[in-house]
Structure formats: C-alpha cells, structure tokens
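> Provided below for reference: sequence and predicted model.
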Amino acid sequence: MLRRIISGGQTGVDRGALDAALELGFPCGGACPAGRIAEDGRVPDRYPLFELKSMSYRSRTLRNVADSDGTVILHFGELEGGTATTRDLCTQLGKPAKLINGAELGAEPAAAAVLEFVAKHRIAVLNVAGPRASRMPQAHAYTYAVIRNVLMRSA
C-alpha cells in the first residue's frame, strides 16, 4: 500500500508530485542537492526535502531511487538528461520503474497505470521523476493531475 511520495524538488515533474501530495496531506519528501539548488534558484522550504552534502543532481537522483521501492518516470517523448539517468539508475540498482509518456496518455489513464505498478510491485515509497519545467513546461500540471488522481484513488 502506497505510504509516501518522494522526489528531488526540481521544477516540473518533481514539484508537481510534491504539490499534489502536500495538497492532500499525503506524506512526502525526498532528497535534494546541497543548498536546495534547482533550475529556478532554491527549492522552496515548503517542500519537506532533506539536503544531501553534494550539490550533484545525480547524487540526489541516486538517493531517491535507492530510498524508494520503485520509480514512476513521467516523460513526454524521448528520455534525455536526468530523466534518462533516473531510468538507468533504476536498472543499475534493480529497482522497478514504470515509464509513462504524457504525450500519449492522459492523466486519468496514467494514474491507473501508476496504481497498477504500485500494486504489482507492492510499493510503499514511490519516487516520481521526469523532466524539469524548462524542458517540458506542461510537466508540473500533468504530474500534479496524475499524482493527485493516484492519491485520491488509493485512499
């Protein structure tokens, strides 16, 4: 049974997931780089993240993959940058991952796919990852809708 959502606090997918959890009072958190760095400056304090000693985005991604039971990667087309790194780290650590292409799947069917993934792999701590806002401006709104739907349906 899903008990916690984690992400790294970057703009886009990460904050979309955290915003949905926070709005619904669902436990959330995750690791972020030292200084709470993000593409828009500093990850706001309202996100309950713990800072790593490293400023590396890769270290943050590795920690969140390792600390979760599985990862949902919400993307829009080809995987690139940190999104591709997340997939690769899931493979390296033997952690289940579910890729959902938001360019092909609406929020409700995506939420159903997440719930199926959570049930199949008995995921209690779900890492949510994907592109930042500068790469995919619709990432926040899409992720917010997907994760909100997941949390409302799993309650």
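Perfect, I can see it now.
> Give me the most central residue, this structure.
In the chain, the residue lying closest to the centroid (C-alpha atoms, centre = their mean) is residue 128, at 1.7 Å.
> is it fair to say it lies in a strand?
Yes - applying DSSP: H, G, I helix; E, B strand; the rest coil, one finds residue 128 inside a strand.
> Pull the contacting residues for residue 72.
97, 98, 100, 114, 117, 126, 127, 128, 129 (C-beta atoms under 8 Å, 6 or more residues apart in numbering). Backbone N, C-alpha and C define where each C-beta goes, glycine included.
> Could you report the distance from it to residue 97?
For residue 72, the distance to residue 97 (C-beta to C-beta, to the nearest Å) stands at 8 Å.
> ok so, going back, now distance to residue 135 too, for the contacts of residue 72, in TSV please.
Below are these laid out as TSV (distance: C-beta to C-beta, whole Å):
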residue	distance to residue 135
97	19
98	20
100	16
114	21
117	23
126	22
127	19
128	16
129	13
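> any idea which of those residues is closest to residue 84?
Proximity of those to residue 84 (C-beta to C-beta) peaks at residue 129, which lies at 10.5 Å.
> Would you map the helices across this protein?
Applying DSSP state H to the chain gives helices spanning 13-24, 57-67, 81-93, 107-120, 139-154.
> Nearest to residue 34, out of the ones you listed?
Evaluated over those, closeness to residue 34 peaks at helix 57-67, with 9.1 Å, by C-beta to C-beta.
> which other helices and strands contact that closest one?
strand 31-32, helix 81-93, strand 125-129 (3 or more C-beta pairs under 8 Å, 6 or more residues apart in numbering; DSSP states H and E).
> Quick one: distance of the first one to the chain centre.
This means strand 31-32. Distance of strand 31-32 from the chain centroid (C-alpha atoms, centre = their mean, to the nearest Å) equals 12 Å.
> Mind listing what's buried along stretch 135-147?
If you call a residue buried by 16 or more other C-beta atoms under 10 Å, then stretch 135-147 has these buried ones: 135, 136, 139, 140, 142, 143, 144, 145, 146, 147.
> Might you report the residue contacts of the fifth one?
The contact partners of residue 142, taken as C-beta under 8 Å, 6+ apart, are 16, 74, 76, 102, 107, 110.
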